[in-house]
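A.B. asks: sharing a model that was predicted from the sequence below.
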Amino acid sequence: MGKLIRFLPLILVIALGVVLYRGLSLNPQDMPSALVGKTMPAFALQTLNNSEQMVTQADLLGDIVLVNVWATWCPTCKYEHPYLVDIAKDPQVKLYGLNYKDERVAAQKWLQNYEDPYMFSIFDEEGTLGLDLGVYGAPETFVIDHHGIIRKRFAGAIDTRVWRREFEPLIAQLIEEKKQGK
């Protein structure tokens, strides 16, 4: 028993090494979500540009929707933004923003300076909707089908390569499902 105790630190270091090595092969954008396959969480929040206008999950129904989590404090959001402006031009999807844990005036100014690609941005100052969605940070993007079901969660910036690989096939599938009345 005494000899085994001597080797215990070595065994623990080897076990930790195996766990850390396994982590190197994981894709940080491929974040699991307990909400994929479930309806968008219920919410009632103000829009960013109009504190008098309340929106709910019902406002996102009927179309193929992207909900993009963004904030002015997020440098990756600035990188992603020009790609979102292009995506917003596609009539097959509706792009909504979720301004996450931000200041209203700063976020409004940011969209004025860089162009606003969103149908509207939900103002989630306290992060309550973000918490319900399981948001780890910004940017994250959720694909919601025409029935209000979350079909994908993507953590990280969208660019042309990511759009073609991660989003286009799913959106084509959702368009076909909608045509077939599924």
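C.D. replies: Looks like it came in fine. Just so it is clear, the structure is predicted and the values come from calculations on it, not from any experiment. Residues are numbered from 1 along each chain as shown.
A.B. asks: isn't residue 157 right next to residue 137, touching?
C.D. replies: No: with contacts counted by C-beta atoms under 8 Å, residue 157 stays clear of residue 137, the gap being 11.6 Å. C-betas here are computed from N, CA, C, even on glycine.
A.B. asks: what are the phi and psi values at residue 166?
C.D. replies: Per-residue torsions, residue 166: phi -100, psi -30 (degrees, to the nearest 10).
A.B. asks: how much space separates it from residue 43?
C.D. replies: Distance of residue 166 to residue 43, computed by C-beta to C-beta, to the nearest Å: 25 Å.
A.B. asks: neighbour count: residue 157 and residue 137, which is higher?
C.D. replies: A count of neighbours by other C-beta atoms under 10 Å puts residue 157 above the other of residue 157 and residue 137, at 21 against 16.
A.B. asks: quick check: closest non-adjacent residue to the more buried one.
C.D. replies: The shortest distance from residue 157 to any residue that is not its chain neighbour, by C-beta to C-beta, 6 or more residues apart in numbering, is 4.0 Å, and that residue is residue 80.
A.B. asks: averaged pLDDT, the helix or strand harbouring that neighbour. What do you get?
C.D. replies: According to DSSP states H and E, residue 80 maps onto helix 75-87. Computed over helix 75-87, the mean pLDDT rounds to 96.
A.B. asks: which residues touch it?
C.D. replies: With C-beta atoms under 8 Å, 6 or more residues apart in numbering as the contact definition, helix 75-87 has outside contacts at 66, 68, 70-71, 93, 95, 114-115, 117-118, 138-139, 156-160, 163.
A.B. asks: so which of the residues you listed sit within helices?
C.D. replies: 114, 160 (DSSP state H).
A.B. asks: now the buried members of the contacts of helix 75-87.
C.D. replies: 66, 68, 70-71, 93, 95, 117-118, 138-139, 156-158, 163 (16 or more other C-beta atoms under 10 Å).
A.B. asks: where along the chain do the strands fall?
C.D. replies: For the chain, applying DSSP state E gives strands covering 44-46, 54-56, 65-70, 94-100, 121-124, 140-144, 150-155.
A.B. asks: just put those strands in TSV and tack on distance to residue 106 and mean pLDDT.
C.D. replies: As requested, the strands of the chain are arranged in TSV below (distance: least, C-beta to C-beta, whole Å; pLDDT from 0 to 100):
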stretch	distance to residue 106	mean pLDDT
strand 44-46	16	98
strand 54-56	20	97
strand 65-70	12	98
strand 94-100	10	98
strand 121-124	12	98
strand 140-144	20	97
strand 150-155	23	96
